[in-house]
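# Following is a predicted model, sequence given first.
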Amino acid sequence: MSSAVDIPIYDKTTDPKTANYELLETSSIKNLKEYSCAEEKTRYISLPNKDDIRLFLVPQDCGDFDYRYYLLTIKNNAVVSDLYVEGTSQEPEDDSSKENTSFKIDKDFKIFVKTEISNSTKSISYKIAEDGKIVEL
């Protein structure tokens, strides 16, 4: 029998067309401008905090691909770390280059990122250090 503690903190796919974003003044957090797509307000999805570290899922749809999300860690009102965690990309007219990336965060704030390219899958695990940095396990 599964208990409530086995439920991950975050384990879903974000649909950029229906995502419900919060808005934040880009200038209100140090280094957030890098992820704002040159907007005065940054769109984000708030995830549960790890102690005094805030977690934001931020769309990066101002480049070549319209479905890319970065996980940001914010501590002391500054972006400490980022990690590409969700999205797809593909070179034009090259089906073998299609990449699909997804992630989940478990109850211990371990982050599991899975990337599928053609017929191969790569999974990497990360943790959030006390200083807010995302480090590979």
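Done, it's in.
# Could you list the low-pLDDT ranges of this protein?
1-6 (pLDDT under 70).
# residue closest to the middle of it?
L71 (2.7 Å; CA atoms, centre = their mean).
# That one sits in which helix or strand?
strand 68-75 (DSSP states H and E).
# From the contact counts, what lies against that strand?
The contact analysis (3 or more CB pairs under 8 Å, 6 or more residues apart in numbering; DSSP states H and E) places strand 68-75 against strand 53-59, strand 78-89. C-betas here are computed from N, CA, C, even on glycine.
# Just checking: what are the partner strands of it?
strand 53-59 (antiparallel), strand 78-89 (antiparallel) (DSSP bridges).
# Same list as before, the helices and strands packed on strand 68-75 that is, but in CSV and with distance to A129 and mean neighbour count included.
As requested, these are exported to CSV (distance: least, CB to CB, whole Å; neighbours: other CB atoms under 10 Å):
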stretch, distance to A129, mean neighbour count
strand 53-59, 9, 22
strand 78-89, 9, 18
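# Now tabulate the ones you listed in a markdown table and tack on distance to F109.
Compiled in a markdown table, the helices and strands packed on strand 68-75 are given as follows (distance: least, CB to CB, whole Å):
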| stretch | distance to F109 |
| --- | --- |
| strand 53-59 | 8 |
| strand 78-89 | 13 |
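# For I111, find the nearest of those strands.
strand 78-89 (6.9 Å; CB to CB).
# Now do the buried residues in whichever helix or strand comes after that closest one.
Using DSSP H and E, the helix or strand that follows strand 78-89 towards the C-terminus is strand 99-105. Across strand 99-105, burial judged by 16 or more other CB atoms under 10 Å covers N100, T101, S102, F103, I105.
# Kindly report the same for stretch 12-19.
T14.
# How far does it sit from its chain's centre?
12 Å (CA atoms, centre = their mean, to the nearest Å).
# ends of that stretch, how far apart?
End-to-end span of stretch 12-19 (CA to CA, to the nearest Å): 12 Å.
# Please apply the same query to stretch 56-76.
For stretch 56-76, the end-to-end distance is 14 Å (CA to CA).
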